[in-house]
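1. Need a 3D model of the sequence below.
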Amino acid sequence: MKKKPIYLYVLVIISSVLSLLGVFSYFTASPKKPEADQLKMMGLDKQQASQYQTFLDKSFTQFHNPLALLLIICSLVILGASIYFLFFKKDLLWAHLAYSAYLIFGLLELIYNRILSGQVLAYLTIPQLKELQIQVENVAYIFSLVFQSLFLAIVLFKLWRQQRILEQEEVSV
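-> Numbers count the residues shown, from 1 in each chain. From the prediction side, this is the model:
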């Protein structure tokens, strides 16, 4: 009896939960309107507060465009395919390939979001806020990049190892 690919089950479930959270946040998000108290705590005058509000509005508009929605839908379809092959068809080769495609597509989405965030930052000229925003985006980008790359490396290594074992079994028979 072959061992079950527990690692793939775990990775697919983690990815499914994170994807569903992303979809939920995409559809439930609304443009932010900071309270006067928040702006005062941030030390912003009227002009800076207006500029900050413009940044928030442009950010919402940029990240909630039709292309972003299309990327989310494609990502969910690819993840759905990996779930189908893993849990229903029990075809590990296609499950690995579909999940690898999902992760590669996720890396492309990450690059797309990075480009968008760079465009949005042009609307923010308050030095302290811009620096903070850049740092937050860098941390989020690096965190996402590391985890997606790690997940992809695990899946590709296990797929490679599985194929080597199958080749050795064919040679010995």
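
2. Pull out the buried residues from stretch 10-22.
-> Within stretch 10-22, the residues that qualify as buried are 11-12, 15, 19, counting by 16 or more other Cβ atoms under 10 Å. All C-beta atoms are positioned from the backbone trio N, CA, C, and that covers glycine.

3. Which pLDDT value goes with residue 173?
-> Note on residue 173: pLDDT of 69.

4. just the buried residues of stretch 10-22 now: which is nearest residue 126?
-> Of all those, residue 19 has the smallest distance to residue 126: 33.6 Å, by Cβ to Cβ.

5. now the helices for this structure?
-> For the chain, the helices defined by DSSP state H cover 6-28, 36-41, 46-63, 66-83, 92-121, 127-172.

6. and the ones you listed, which one's lowest on average pLDDT?
-> With a mean of 81, helix 36-41 has the lowest mean pLDDT of those.

7. who touches it?
-> Helix 36-41 is touched from outside by 49, 52, with contacts defined as Cβ atoms under 8 Å, 6 or more residues apart in numbering.

8. before we move on, what about stretch 67-77?
-> Counting by Cβ under 8 Å, 6+ apart, 19, 22-23, 26, 102, 105-106, 109, 112 sit against stretch 67-77.

9. I'd like these laid out as a markdown table, including distance to residue 143.
-> A markdown table is the format used below for those (distance: Cβ to Cβ, whole Å):
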| residue | distance to residue 143 |
| --- | --- |
| 19 | 16 |
| 22 | 14 |
| 23 | 20 |
| 26 | 19 |
| 102 | 18 |
| 105 | 18 |
| 106 | 13 |
| 109 | 15 |
| 112 | 17 |
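
10. which one of these has the most neighbours?
-> Using other Cβ atoms under 10 Å as the neighbour criterion, residue 102 leads those with 27 neighbours.

11. Let me know whether that residue touches residue 15 as I believe.
-> Yes: counting by Cβ atoms under 8 Å, residue 15 is a contact partner of residue 102 at 6.8 Å.

12. Let me know the closest of the buried residues of stretch 10-22 to residue 97.
-> residue 12 (12.9 Å).

13. Would you mind measuring from the closest one to residue 102?
-> 9 Å (Cβ to Cβ, to the nearest Å).

14. follow-up on the earlier one: quickly compare the helices of the chain and say which is most buried.
-> Neighbour counts (mean count of other Cβ atoms under 10 Å) averaged over each of these peak at helix 92-121, with a mean of 17.
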